[in-house]
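Visitor: predicted structure and sequence below. I'll ask about it afterward.
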2 protein chains.
Amino acid sequence: MTAEHGAVRIAVDAMGGDNAPADVVSGAVEAAREGGVQILLVGDPSQVQAELLKHDAAELPIAVVPSEGVIVEGEAPAMALRQKPRASVLVATGLVKQGKADASVSMGSTGAAMAAAAVVLGLSEGVDRPALGGPILGVAPNTIIIDLGTNVDCRPSQLLSFAVMGDVFARQFWGMEQPRVALLSVGEEAGKGNRQVRETTELLTKSGLNFIGNVEGDDLVASKAEVVVCDGFVGNVVMKLTEGLGQALSNHLSESLKGKLSDEELGIAAQEVHDLNNIVHEYGGGPIFGVNGISIVGHGAGDATAVRRAIGTAKFTHDIDFVPKLNEEMVEVYARVHGE
Amino acid sequence: MTAEHGAVRIAVDAMGGDNAPADVVSGAVEAAREGGVQILLVGDPSQVQAELLKHDAAELPIAVVPSEGVIVEGEAPAMALRQKPRASVLVATGLVKQGKADASVSMGSTGAAMAAAAVVLGLSEGVDRPALGGPILGVAPNTIIIDLGTNVDCRPSQLLSFAVMGDVFARQFWGMEQPRVALLSVGEEAGKGNRQVRETTELLTKSGLNFIGNVEGDDLVASKAEVVVCDGFVGNVVMKLTEGLGQALSNHLSESLKGKLSDEELGIAAQEVHDLNNIVHEYGGGPIFGVNGISIVGHGAGDATAVRRAIGTAKFTHDIDFVPKLNEEMVEVYARVHGE
């Protein structure tokens, strides 16, 4: 095993995800081949080694770090963390905390990865709970919606923190200078919405962010803002609805246009309609926002390509200094809002 | 003017809607020609008579009832009601209250129609505020989502009333015997969701309704329940998002498949994808739920066909005894929940 000088060290939860460890190891091998990273595969050593043997990986910068057990989707994260202190996701996150890795990646239980990140890495200043967000609609690929389901019954101060997270994401990932930040609501006029929206409006007005007010459901498809802030309850309904619609409409087209288009054209049309609802997962996963370190969560059903991309996203998140920049802006915005 | 014996008397707000009075009068004339109804056209007499003269309507059961002024979309309903006590929507609703009409129809400001209905007709027992709901997704035409934006920051008792409204709608409009009632949430397991969902779960469990628990965003497209209950904030985001997506995807197909399908096939494909997102408005409008009388609100952009259908829906709502049945079930459910 050799690692290039300056390679970013990524701890990968080899046991997490529907297709673990096979696809996780494959994706990690692909990422290692691409270069620029050093992989720490965290998992059951015999299983991980067996997978590695299927690849011509002996010369790649990949090391195996042993763990015991895995936390699966559906387990209550807090209890699982206590019961399985050597679980792969905890060991991987611990490597980041100990400075042995620059970032961690897991395709396993999102709840477990978030709990591990919060407990092991700690929260950014001013953040109550970590959040998840990202572009989810293919028709509006440069709109990040945050939060997507981690936080419900949010206080206005939490929504403010989501706005900062989205703002830093749009600046650092997309290179935007003044991302437009909006609140998802039921009317565009100021004052329209529920109590949460009205109270958050006051905070955002003082935040120094490029706050443009409210947007509505149909504005989500119209790229009216780069950052759309909402309670995770609403964000999750939006995310799952568009996933369901994308599948349903894609299936519909495959049936209704059969025989009218070539198989190839039909496949493209159905895929496009699917992707316009659900963004193509070019990132493979996204960072957990609001923790003191990089922890990337990917979709549990992700294949080797998704794993490779998630590792690339981990490297990118490290290279752009995402976490320090988020922490910095969080402090600045809170100072503005609280009038310091 | 002659009216058949037993014709249902419909007061139509001739001044409300983007295309009033022309399209409203046209639609009313169409409905009168179909039979079974007697129309009371409420509006500025000279304008309404001028429109009537464009049709061969002298022998139809249509009368004109004078009003002064109209409340337009965007006016604050409560204040507008005070400032324009003779506005068309108020006069139309008043005819129902006075027993001179069996139902009213307005394509104008939804807020004004709801405020007029609440003030003039009064609320059903146990109802705090009226609500709007209906099937909105073409992929799931037999799922009513309620509330769609009238009520935000709902208390659990309000969500319980939405469940009853949806249940009676599914029974009476669709003839279903045991409509499945579900709460829209962020997880299917009981206990998953926000505080509002958890507290409403307790009430629905005691309600005697066929309560099946939580559904998620993707379940909205999968016909998992006939009645999906949610806060109007969430319902409105869902409704507007699917409207926006339907338009965006329809436009996309028109572009991407141009030249690959005949113009006719292309038109059908684009329309189908639009309609699978947004239900075809076969009803032309829907009843305001929770008021002591029938008041049908239609889409402001509705044309003559939409007006004719809305009048048909008003007649149907009257014929099936919708309001008394809703009031009855409301009392029964509240008795069960409060343990009487």
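Guide: Thanks, I have it. Numbers count the residues shown, from 1 in each chain, chains lettered A, B, ... in the order given.
Visitor: can you confirm residue A:9 is in a strand?
Guide: Yes. According to DSSP: H, G, I helix; E, B strand; the rest coil, the state of residue A:9 is that of a strand.
Visitor: hmm, it is touching residue A:38, no?
Guide: Yes. Taking contacts as Cβ atoms under 8 Å, residue A:9 lies within contact range of residue A:38: 4.8 Å. Using the backbone N, CA and C atoms, a C-beta is placed for each residue, glycine as well.
Visitor: how about the strands of the stretch 1-150 of chain A, start to end?
Guide: Listed in chain order, the strands of the stretch 1-150 of chain A (DSSP state E, counting those that start in this stretch) span residues A:8-13, A:37-43, A:62-66, A:103-106, A:133-135, A:144-146.
Visitor: make JSON lines from these and add mean pLDDT and mean neighbour count to it.
Guide: Output for the strands of the stretch 1-150 of chain A, formatted as JSON lines (pLDDT from 0 to 100; neighbours: other Cβ atoms under 10 Å in any protein chain shown):
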{"stretch": "strand A:8-13", "mean pLDDT": "98", "mean neighbour count": "29"}
{"stretch": "strand A:37-43", "mean pLDDT": "98", "mean neighbour count": "27"}
{"stretch": "strand A:62-66", "mean pLDDT": "98", "mean neighbour count": "18"}
{"stretch": "strand A:103-106", "mean pLDDT": "98", "mean neighbour count": "32"}
{"stretch": "strand A:133-135", "mean pLDDT": "93", "mean neighbour count": "23"}
{"stretch": "strand A:144-146", "mean pLDDT": "96", "mean neighbour count": "27"}
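Visitor: under the pLDDT cut-off, which ranges of chain A? List them.
Guide: Regions of chain A meeting the criterion pLDDT under 70 cover residues A:1-5, A:280-281, A:340.
Visitor: for residue A:64, give its distance to chain B.
Guide: Per Cβ to the nearest Cβ, to the nearest Å, residue A:64 is found 35 Å from chain B.
Visitor: so how far is residue A:51 from that residue?
Guide: Residue A:64 sits 10 Å away from residue A:51, taking Cβ to Cβ, to the nearest Å as the criterion.
Visitor: again with residue A:210
Guide: In this structure, residue A:210 and residue A:51 are separated by 47 Å, where distance is defined by Cβ to Cβ.
Visitor: show me which of the two is the more surrounded one.
Guide: Set residue A:210 next to residue A:51 and count neighbours by other Cβ atoms under 10 Å in any protein chain shown: residue A:51 wins out with 22 against 18.
Visitor: what sits against the spatially closest residue to the more buried one that is not a sequence neighbour?
Guide: Nearest-residue entry for residue A:51: residue A:25, 3.8 Å, with adjacent residues in sequence omitted and distances by Cβ to Cβ, 6 or more residues apart in numbering or on different chains. Shown here is residue A:25, whose contacts under the criterion Cβ atoms under 8 Å, 6 or more residues apart in numbering or on different chains are A:14, A:41, A:48, A:51, A:52, A:54, A:55.
Visitor: among those, which lie within helices?
Guide: Secondary structure assignment by DSSP state H places A:48, A:51, A:52 of these in helices.
Visitor: which one of the residues you listed is nearest to residue A:106?
Guide: For these, the residue nearest residue A:106 by Cβ to Cβ is residue A:48; the value is 14.4 Å.
Visitor: does that closest one really touch residue A:62, like I thought?
Guide: No. The pair formed by residue A:48 and residue A:62 falls short of the contact definition of Cβ under 8 Å, at 9.5 Å.
Visitor: quick check, residue A:158 in a helix?
Guide: Yes. The assignment for residue A:158 by three-state DSSP puts it in a helix.
Visitor: who's in contact with residue A:320?
Guide: The contact partners of residue A:320, taken as Cβ under 8 Å, 6+ apart, are A:172, A:173.
Visitor: same check, this time on residue A:221
Guide: The neighbourhood of residue A:221, defined by Cβ under 8 Å, 6+ apart, consists of A:137, A:139, A:140, B:241, B:244, B:245, B:247, B:248.
Visitor: so which of those wins on neighbours?
Guide: residue B:245 (28 neighbours).
Visitor: mind checking how far that one is from residue A:220?
Guide: Computed with Cβ to Cβ, the distance linking residue B:245 and residue A:220 is 9 Å.
Visitor: before we move on, the earlier item: can you list the contacts of residue A:221 in TSV and add distance to residue A:226?
Guide: As requested, the contacts of residue A:221 are arranged in TSV below (distance: Cβ to Cβ, whole Å):
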residue	distance to residue A:226
A:137	13
A:139	14
A:140	9
B:241	18
B:244	17
B:245	19
B:247	21
B:248	18
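Visitor: just the residues you listed now: which is nearest residue B:289?
Guide: Out of the contacts of residue A:221, the one with the shortest distance to residue B:289 is residue B:241. That distance is 22.2 Å, counting by Cβ to Cβ.
Visitor: and the stretch 101-250 of chain A, which residues reach chain B?
Guide: A:139, A:149, A:152-153, A:184-186, A:193-195, A:216-222, A:231-234, A:236-245, A:247-249 (Cβ under 8 Å from any Cβ of the partner chain).
Visitor: of the residues you listed, buried ones?
Guide: Neighbour-count burial (16 or more other Cβ atoms under 10 Å in any protein chain shown) applied to these gives A:139, A:149, A:152, A:184-186, A:193-194, A:216-221, A:231-234, A:236-245, A:247-249.
Visitor: among those residues, which are in strands?
Guide: Secondary structure of these is defined by DSSP state E; positions in strands are residue A:184.
Visitor: now do the helices in chain A.
Guide: Counting by DSSP H, the helices of chain A are A:22-34, A:45-53, A:77-83, A:88-97, A:110-116, A:156-174, A:195-205, A:232-256, A:263-277, A:304-319, A:322-337.
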